[in-house]
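Trainee: everything below, folded, please.
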Amino acid sequence: MIQEINADAQSRMTKSLEATKQQLARIRTGRAHPSVLDAVKVSYYGVDTPLNQVANIVATDARTLSLTVFDKNVSQAVEKAIMVAGLGLNPQSNGTLIRVPLPALTEERRKDFIKMARAEAEQGRIAVRNVRREANNDLKTLEKDKDISADEAKRGEDMVQKLTDTFIKSIDTALAEKEKELLEF
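Mentor: Residues are numbered from 1 along each chain as shown. Next comes the predicted model:
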């Protein structure tokens, strides 16, 4: 039973870590990367569709993304979706090819992005701690119901704590990499 609780906690913490890494990837640096546009949704024949399903996104150079729209009729909707997304990007279109130049980051904007990255990392840490709390509650319930001894419950809590420490350290590492990336470029 302890192993099941530990395995469940590990899988949920892994999901929290991956979600945090995805959120950090969405915070743009000075470098063009297709993941910058992951959060953009396009109204495609009345259905909100992720941008990467209606266009091919490629980084042509360090500061420019190129989108090749699959359906020429949706080019304007793609442009509008990028402008409305709140990323501060202004796409330029010529038919099915849309270029999205990324403006250079000012020092103030970099600091804003670092604040955003720290907030996302904190949300990830909170998610991991919530998983730890739930796993510890499950262990305490098993102990109350006399399914496991107090020593086994303590060992289980120690295992969950070590797992929590590992995942929080991974989140901190991902945050440090993102901060370095933001300050570098």
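
Trainee: now do whichever helix in the chain runs longest: which elements does it pack against?
Mentor: Longest helix in the chain by number of residues (criterion: DSSP state H): helix 107-144. Helix 107-144 is packed against helix 2-26, helix 150-184, with contacts defined by 3 or more CB pairs under 8 Å, 6 or more residues apart in numbering; DSSP states H and E. (C-beta placed from N, C-alpha, C; glycine too.)

Trainee: check which element follows the first one along the chain.
Mentor: The reference is to helix 2-26. Once helix 2-26 ends, the next helix or strand along the chain (criterion: DSSP states H and E) is strand 41-44.

Trainee: contacts made by the helix or strand following that next one with the rest, please.
Mentor: The first helix or strand that comes after strand 41-44 along the chain, using DSSP H and E, is strand 47-50. Strand 47-50 is contacted from outside by 38, 40-43, using CB atoms under 8 Å, 6 or more residues apart in numbering.

Trainee: does L87 belong to a helix, a strand or coil?
Mentor: Here L87 is recorded as coil under DSSP: H, G, I helix; E, B strand; the rest coil.

Trainee: rewinding a little: next, format the helices and strands packed on helix 107-144 as CSV and append mean pLDDT and distance to A117.
Mentor: Formatted as CSV, these follow (pLDDT from 0 to 100; distance: least, CB to CB, whole Å):
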stretch, mean pLDDT, distance to A117
helix 2-26, 91, 6
helix 150-184, 92, 5
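
Trainee: can you check which of those gets nearest to L97?
Mentor: When the helices and strands packed on helix 107-144 are compared by CB to CB, helix 2-26 sits nearest L97, at 23.8 Å.

Trainee: check which residues of that closest one are buried.
Mentor: 2, 5-6, 9-10, 12-13, 16-17, 20-21, 23-26 (16 or more other CB atoms under 10 Å).

Trainee: per-domain residue ranges of the protein.
Mentor: 2-26+106-184, 34-101 (automatic domain parsing).

Trainee: contacts only, for the closest residue to Q23 other than its chain neighbours.
Mentor: Using CB to CB, 6 or more residues apart in numbering and skipping the chain neighbours, the partner closest in space to Q23 is E120 (4.3 Å). Contacts here follow CB under 8 Å, 6+ apart; on that basis E120 touches 20, 23-24, 27.

Trainee: state the distance from E120 to L17.
Mentor: Separation of E120 from L17 (CB to CB, to the nearest Å): 12 Å.

Trainee: repeat for E152
Mentor: 27 Å.

Trainee: could you do S11 as well?
Mentor: 11 Å.

Trainee: equivalent analysis for A119, please.
Mentor: 16 Å.

Trainee: swap in K144?
Mentor: Separation of K144 from L17 (CB to CB) stands at 31 Å.

Trainee: go on, L139?
Mentor: 22 Å.

Trainee: so who does the residue sitting furthest away from the middle of the chain touch?
Mentor: Here the centre of the chain is the reference, and by CA atoms, centre = their mean the most remote residue is K146, at 40.5 Å. By CB under 8 Å, 6+ apart, no residues touch K146.
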